[in-house]
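Participant: Structure for the following, please:
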Amino acid sequence: MTSLRSEARRRRAVATLGAVSAGLLVLSACEKPTPLATVTVGTDSVSSETDCYNEGKSVPTGELAKCLKNKDIKSIKVDPDETVRFGVDPKIADKGWTILMNGQPLTDNSTKTYRTIPGSVFFNAQYGAQGNTTVVSVQQGETNVTGLWSFKLTKDA
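Facilitator: Predicted coordinates:
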């Protein structure tokens, strides 16, 4: 009777060890998440990872062009009288980052993790805005672009 119990315990231990090992194997096969960029307007915010990130290495120019044209990006409504806040993961800030508006630089390169811009800028033709929707991107790196996070800002009248 005792040997049956110890045999059952041994089987459970082997099964548990096998399940834990399989779980660790699955986790090790997962990709690391990319750093996050966040846009906040008032009390609303959206965060995004990106497909255009290359762990500190340059993203090929063709890939960047595709990412800038991506239609499946996070969106947030912006009242032109509100302040738009951009926050980035320290991994992005360490390499320096620039805010692009419709693919063109809007700010200088920065190593801070946080920046603010008046909402009216994103709908002002003087800054290249066209209509009530603007695509804004966070570009990691200045000449050596290693990541790109994009958001769609929609005018909230």
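
Participant: Outline the domain layout of this structure.
Facilitator: 1-30, 37-155 (automatic domain parsing).

Participant: Report how many residues lie close to Leu64.
Facilitator: Using other Cβ atoms under 10 Å, Leu64 has 18 neighbouring residues. No exception for glycine: its C-beta is placed from N, CA and C like everyone else's.

Participant: Surely it touches Thr50?
Facilitator: No. Contact criterion Cβ atoms under 8 Å: Leu64 and Thr50 do not qualify, at 10.8 Å.

Participant: got the CA positions of stretch 85-101 in PDB?
Facilitator: C-alpha atoms of stretch 85-101 as PDB (Å, rounded to 0.1, in the frame of the first residue of the first chain):
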ATOM      1  CA  ARG A  85       1.300  64.500 -23.900                       C
ATOM      2  CA  PHE A  86       3.700  62.000 -25.400                       C
ATOM      3  CA  GLY A  87       5.400  59.500 -23.100                       C
ATOM      4  CA  VAL A  88       7.900  56.900 -24.000                       C
ATOM      5  CA  ASP A  89       9.600  53.900 -22.400                       C
ATOM      6  CA  PRO A  90      13.100  54.700 -21.200                       C
ATOM      7  CA  LYS A  91      14.400  52.300 -23.800                       C
ATOM      8  CA  ILE A  92      13.100  54.600 -26.500                       C
ATOM      9  CA  ALA A  93      14.300  57.800 -24.700                       C
ATOM     10  CA  ASP A  94      17.800  56.400 -24.200                       C
ATOM     11  CA  LYS A  95      18.300  56.300 -28.000                       C
ATOM     12  CA  GLY A  96      16.700  59.700 -28.500                       C
ATOM     13  CA  TRP A  97      13.300  60.300 -30.100                       C
ATOM     14  CA  THR A  98      11.500  62.700 -32.400                       C
ATOM     15  CA  ILE A  99       7.800  63.400 -32.900                       C
ATOM     16  CA  LEU A 100       6.800  63.200 -36.600                       C
ATOM     17  CA  MET A 101       3.600  64.700 -38.000                       C
END
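
Participant: Pairing partners for Thr134 in the sheet, please.
Facilitator: Leu153 (DSSP bridges).

Participant: brain fart, Gln140
Facilitator: Residues in beta-bridge contact with Gln140 (DSSP bridges): Trp97, Gly147.

Participant: Spit out the contact partners of the residue most central in space within the chain.
Facilitator: Closest to where the C-alpha atoms of the chain average out (Cα atoms, centre = their mean) is Glu49, at 2.7 Å. The contact partners of Glu49, by Cβ atoms under 8 Å, 6 or more residues apart in numbering, come to 33-36, 149.
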